[in-house]
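Enquirer: how does the following fold in three dimensions:
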Amino acid sequence: MRILIIKMSSLGDVIHTIPMVGVLKKNLPNAQIDWVVNEEYSCLLKGNPNINEVIPFKRRDWLNLIGFIKNRREIKKFAMKLKSKRYDVVLDVQGLFKSALVVMMAHGKKNIGFSNAREFASFWYNEKVEGDYTKHAVERYLQLLEPLNLKWTREELEFFIPSTQRDRESLKEKLGDLYYKNFVVFCPFTRWDTKRWEEENFYELERLLNQKGIDVVWIGARNEFLKKDVKNNFIGKFTLLELYELMKLSKFVITCDSGAMHIASSAGANIFALFGPTSHIRTGPYNLRGKNFIIRKEDLYCSPCFEKECKRKDKFCLEISPKEVFDRIANSGLI
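Expert: Predicted structure coming up:
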């Protein structure tokens, strides 16, 4: 059987889909499994022994009018490659117009997707599953295997991230003496402003942790910046695979609802996750080994709202003091 998984983005969503590969391979050991993913996330999949081919989707180059015209031959070659694979099953985990285009290109015998997919993507499926949004994204994605009559248990799930000794050595070189110290990781950035705990709160929390002899390693993407200078600023310095190894090495991770949080979760790190406008039940850390500590205001009528702009204009749901977070850490027994 030839199977194609389509999940191109985002970082957290790609990580949430990885357990699906293991479930497929366990139930269908002879299946050939390919995956279409945005090329910047392909490193999370290449080297996975259960994936036959990782097929990069060049989102930045292809998904605009000029790029489409300029790269039409490359796009045609991409489409012809998918068609030539003769997939028996195409699983559209993305559920957007861009992934529906890939479904069309693949010409699979059985196209499976969510009935409540956005942007009319479900029009292209001949098998539809109603996604249950009371479930975590990992388990909701696995619902797509129901038409194949495949079974799984949480104990069987695995986040296989193909880091290597080379990644570990590179991380060690970048960290220097920090590699041998007692450190935690701060992930202060997230794509939505409404999900972001105020930067000043992180500075104060660092001060409180430093008093306990704990160093802080700051991380983020290359296009992200802090307002102040901090010690151990590694923002933009690590690859995704080095970040994965960093999370494994850390004492614990402090993060908002972000892609970095899901890397930490896949690494089995201990996580203190700050939640406001989004739901930790749906997209919180799905941690199979480490401890999760969800920090949020309880019983708010407006949370979770899933809004990128706060209608109250004050982000009240994330008005959580550094002292509250520090006390939660202290009571966890991790310091």
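Enquirer: mind exporting the C-alpha coordinates of the longest helix along the chain to PDB?
Expert: As assigned by DSSP state H, the longest helix anywhere in the chain is helix 11-27. This file holds the C-alpha atoms of helix 11-27, laid out as PDB (Å, rounded to 0.1, in the frame of the first residue of the first chain):
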ATOM      1  CA  LEU A  11       5.900  23.700  13.300                       C
ATOM      2  CA  GLY A  12       3.600  22.400  16.100                       C
ATOM      3  CA  ASP A  13       1.100  20.800  13.700                       C
ATOM      4  CA  VAL A  14       3.900  18.900  11.900                       C
ATOM      5  CA  ILE A  15       5.100  17.600  15.300                       C
ATOM      6  CA  HIS A  16       1.500  16.600  16.200                       C
ATOM      7  CA  THR A  17       1.300  14.500  13.100                       C
ATOM      8  CA  ILE A  18       4.500  12.500  13.600                       C
ATOM      9  CA  PRO A  19       2.800   9.800  15.800                       C
ATOM     10  CA  MET A  20       0.500   9.000  12.900                       C
ATOM     11  CA  VAL A  21       3.500   7.600  11.000                       C
ATOM     12  CA  GLY A  22       4.300   5.100  13.700                       C
ATOM     13  CA  VAL A  23       0.700   4.000  14.000                       C
ATOM     14  CA  LEU A  24       0.500   3.400  10.200                       C
ATOM     15  CA  LYS A  25       3.700   1.400  10.100                       C
ATOM     16  CA  LYS A  26       2.700  -0.700  13.100                       C
ATOM     17  CA  ASN A  27      -0.600  -1.600  11.500                       C
END
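Enquirer: now for that helix, which elements pack on it?
Expert: strand 2-6, strand 32-38, helix 137-142, helix 259-266 (3 or more C-beta pairs under 8 Å, 6 or more residues apart in numbering; DSSP states H and E). From N, CA and C alone the C-beta is placed, and that goes for glycine too.
Enquirer: buried stuff in that helix?
Expert: 11-25 (16 or more other C-beta atoms under 10 Å).
Enquirer: between those, which is nearest K231?
Expert: The shortest approach to K231 among the buried residues of helix 11-27 belongs to L11, at 26.4 Å (C-beta to C-beta).
Enquirer: per-residue pLDDT, the nearest residue to the closest one once chain neighbours are set aside?
Expert: In space, and not counting its chain neighbours, L11 is closest to G259: 3.3 Å by C-beta to C-beta, 6 or more residues apart in numbering. Confidence at G259, expressed as pLDDT, is 95.
Enquirer: quick one: G259 from G276, how far?
Expert: Distance, G259 to G276, using C-beta to C-beta, to the nearest Å: 17 Å.
Enquirer: try F160
Expert: For F160 relative to G276 (C-beta to C-beta), the value is 31 Å.
Enquirer: which of those two has more residues huddled nearby?
Expert: Set F160 next to G276 and count neighbours by other C-beta atoms under 10 Å: G276 wins out with 26 against 17.
Enquirer: is it true that that one lies in a helix?
Expert: No - assigned with DSSP: H, G, I helix; E, B strand; the rest coil, G276 falls outside any helix and is coil.
Enquirer: report pLDDT for F68.
Expert: In this model, F68 carries a pLDDT of 70.
Enquirer: ok, back up a step: right, and the helices and strands packed on helix 11-27 - which one's nearest E53?
Expert: Shortest distance between E53 and the helices and strands packed on helix 11-27, using C-beta to C-beta, is found for strand 32-38: 4.6 Å.
Enquirer: which outside residues touch that closest one?
Expert: 1-9, 14, 21, 24-25, 44-45, 50-57, 59, 82, 85, 87, 102 (C-beta atoms under 8 Å, 6 or more residues apart in numbering).
Enquirer: buried ones from these, can you make that a ChimeraX selection?
Expert: Buried residues among the contacts of strand 32-38 (16+ other C-beta under 10 Å), as a ChimeraX selection:
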select :2,3,4,5,6,7,8,9,14,21,24,25,44,45,50,51,54,55,56,57,59,82,85,87,102
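Enquirer: what's the first helix or strand after the lowest-mean-pLDDT helix or strand in the chain?
Expert: When the helices and strands of the chain are scored by mean pLDDT, DSSP states H and E, helix 65-70 comes last with a mean of 72. Next along the chain after helix 65-70, taking DSSP states H and E as the criterion, comes helix 72-84.
Enquirer: counting by contacts, list what the helix or strand following that following helix packs against.
Expert: With elements assigned by DSSP H and E, the helix or strand that comes after helix 72-84 is strand 89-92. For strand 89-92, the packing partners by 3+ C-beta pairs under 8 Å, 6+ apart come out as strand 2-6, helix 97-106, strand 110-114.
Enquirer: deepest of those, which one?
Expert: strand 2-6 (a mean of 24; mean count of other C-beta atoms under 10 Å).
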